[in-house]
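Participant: Sequence first, then the predicted structure, then my questions.
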Amino acid sequence: MKTKTRAQADEVAEQSLMIARQPLYNCQMGVFGYELLFRIRTDHPRHVSPAEATAHVLTTALLSTGLEELVYNRIAIINVTRAFIDVMPQVQLPPERIMLDIPDNVRVDDALIGNLRNLKKAGYGLSVGGFGSLREPRLLAVADSFRVDVKQLYVDQLDRLTKFLRRHRNLSLRALRIENLEEYDQYRTRGYDLFQGYFLGSPRTHKVRDLSVNKLAIMDLLAAVHNLDTPIEVLEEKIMRDVSLSFRLLKLVNSPFFGVASEVDSVKRAIVLLGRDEIRKLVSLLALSSINDQPVAMIEIALFRARTCELLGRRVGISPEGCFTVGMFSALDVLMEQPIDKIVSKLPLSENVRTAILDREGIMGEALSCALAMEAAEWSKIQFSELAEQDLFGISDEAHRWTNQVVHHI
């Protein structure tokens, strides 16, 4: 039988919760883990402390959604308060998959250090930050990672801080608010281990350069599959020209993800069975995921935007296929390392799709803006049409699950 407090906390858990993810990248541009950013309603039943309510909501959310679906096989990074740390023994989470972000300049006392040592002994990773933490040797000794906001310090200050932190061999260095790939390279060279920011998904200034052979072939294929007048025979030939893509397409179509009744053994049969709209989606995502010089994390961003826009479109009765294209192609400038208007001009896209990508105009442009807000956890901007907050939360969760499944199968 539940205690009154636990029952009240369950009541909190049933309230709206939205989870956004911000990736942490390693020195190889691989994803080390995701910081989970939660939006939870602040109201909670009387006699339930905010810390207990938050702990129970997060536990319920992570276990019901599934940690695997949120972060796949990576680490989940969770911001915690001092009060949250005190109730962590009540939280039932797999500690080896969790890193706790301890607040900057947290007040350090024997009770806190004892709790942190117990959490570390249980298997949790611990991250600290803030200038005040630098004066707490016990805190630095128990931590696994130190967060550095690179926008708060001058270059000479950063160099001195980095040199000091490197004396603590137990600490990995995590650079926050990395805004572009140039900064990523800069701090990687300085000896940082982890990098956080939306630098992969943000527009950037591009050097004028020709597309590589790999990217030219992908653009040619995208132009063919998005041209509604392309005959099936020509579409089949274009896809089969890329042996690797053809193999991956058939592998994906025959996977449990699609659940086809009988084996699909040819590209032509896949086109006929799934239809041109679905084939257009699959070939686009497979083609973009095969770009030679881009990390997997970048295709994850494109997939999340695409699926989110598609689901939003379905909910309000507009072209889900067009919305999917808008979401996926919004990342083409980063994937292709070319200005977005230059790339879009080479593709046979409708005017609605084109203006949605370039100018965020029209209902599909609004869907893209909503997807970008979800991606960046800009809670006040997460809105679309007249959809309720709970509906938007559900769409975000579904888009994350779908993205993880697709990445796993491709």
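Facilitator: Okay, I see it.
Participant: For the residue lying closest to Leu181 once chain neighbours are set aside, which three-state class applies?
Facilitator: Leaving aside its chain neighbours, Leu181 sits nearest to Phe199 (6.1 Å; criterion: C-beta to C-beta, 6 or more residues apart in numbering). C-betas here are computed from N, CA, C, even on glycine. Here Phe199 is recorded as coil under DSSP: H, G, I helix; E, B strand; the rest coil.
Participant: Now for Phe199: which residues touch it?
Facilitator: Phe199 is in contact with Ile178, Glu179, Asn180, Leu181, Glu183, Tyr184, counting by C-beta atoms under 8 Å, 6 or more residues apart in numbering.
Participant: residues touching the fifth one, list them.
Facilitator: This points to Glu183. Val150, Gly197, Phe199.
Participant: try the last one
Facilitator: Counting by C-beta under 8 Å, 6+ apart, Tyr184 makes contact with Tyr25, Met29, Ile178, Phe195, Phe199.
Participant: By mean pLDDT, flag the weakest helix or strand of the chain.
Facilitator: Of all the helices and strands that make up the chain, helix 4-13 has the lowest average by mean pLDDT, DSSP states H and E, namely a mean of 42.
Participant: Got the domain ranges for the protein?
Facilitator: Structurally, the chain divides into domains by automatic domain parsing as follows: 4-196, 213-409.
Participant: Just the residues contacting stretch 112-127, thanks.
Facilitator: Under C-beta under 8 Å, 6+ apart, the answer for stretch 112-127 is 75, 77, 82, 85-86, 88-89, 95-96, 98-102, 106, 138-139, 142-147, 174.
Participant: at 6 Å instead, please
Facilitator: 85, 95-96, 98-101, 138, 142-145, 147 (C-beta atoms under 6 Å, 6 or more residues apart in numbering).
Participant: which among those end up buried?
Facilitator: Buried by 16 or more other C-beta atoms under 10 Å: Ile85, Pro95, Ile98, Met99, Leu100, Asp101, Val142, Ala143, Ser145, Arg147, out of those.
Participant: of these, closest to Ala302?
Facilitator: Met99 (26.2 Å; C-beta to C-beta).
Participant: Doesn't the closest one lie inside a helix?
Facilitator: No: applying three-state DSSP, one finds Met99 to be strand, outside a helix.
Participant: Now do the closest residue to it other than its chain neighbours against Gly191, distance only.
Facilitator: With sequence-adjacent residues excluded and distances taken as C-beta to C-beta, 6+ apart, Met99 is closest to Gly125, at 3.5 Å. Gly125 sits 20 Å away from Gly191 when distances are taken as C-beta to C-beta, to the nearest Å.
Participant: higher neighbour count, these two?
Facilitator: More crowded of Gly125 and Gly191, by other C-beta atoms under 10 Å: Gly125, with 21 against 12.
Participant: Could you check how many residues crowd around the nearest residue to Val106 once chain neighbours are set aside?
Facilitator: Nearest residue to Val106 in three dimensions, chain neighbours excluded: Arg82, at 5.8 Å (C-beta to C-beta, 6+ apart). Number of residues near Arg82 (other C-beta under 10 Å) recorded here: 16.
Participant: Where does pLDDT dip in the stretch 151-300 of the chain?
Facilitator: Within the stretch 151-300 of the chain, the stretches with pLDDT under 70 are 201-211, 293.
Participant: returning to that earlier point: CSV for the contacts of Glu183, including distance to Lys251?
Facilitator: As requested, those are exported to CSV (distance: C-beta to C-beta, whole Å):
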residue, distance to Lys251
Val150, 41
Gly197, 34
Phe199, 32
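Participant: Just the closest of those residues to Lys268, please.
Facilitator: The closest of those, once distances to Lys268 are taken by C-beta to C-beta, is Phe199, at 41.2 Å.
Participant: gap between the closest one and Met99?
Facilitator: 20 Å.
Participant: From Asn292, how far off is Arg174?
Facilitator: The value you get for Arg174 to Asn292, if C-beta to C-beta is used, is 28 Å.
Participant: Show me which of those two is the more surrounded one.
Facilitator: Arg174 (23 against 9).
Participant: how about the nearest residue to that one, chain neighbours excluded?
Facilitator: Leu194 (4.1 Å).
Participant: Now do the phi/psi pair for the residue nearest to Leu200 when sequence neighbours are not counted.
Facilitator: If the residues on either side of it in the chain are set aside, Leu200 comes closest to Met298, at 5.4 Å by C-beta to C-beta, 6+ apart. Backbone torsions of Met298, given as degrees, to the nearest 10, read phi -70, psi -40.
Participant: Need the contact partners of stretch 355-369.
Facilitator: Contacts for stretch 355-369 (C-beta under 6 Å, 6+ apart): Cys309, Leu312, Ile318, Gly322, Cys323, Val326, Phe329, Ser330, Asp341, Val344, Asn352, Phe384.
Participant: go on, stretch 388-396?
Facilitator: Residues contacting stretch 388-396 (C-beta under 6 Å, 6+ apart): Ser16, Met18, Leu311, Met374, Ile382.
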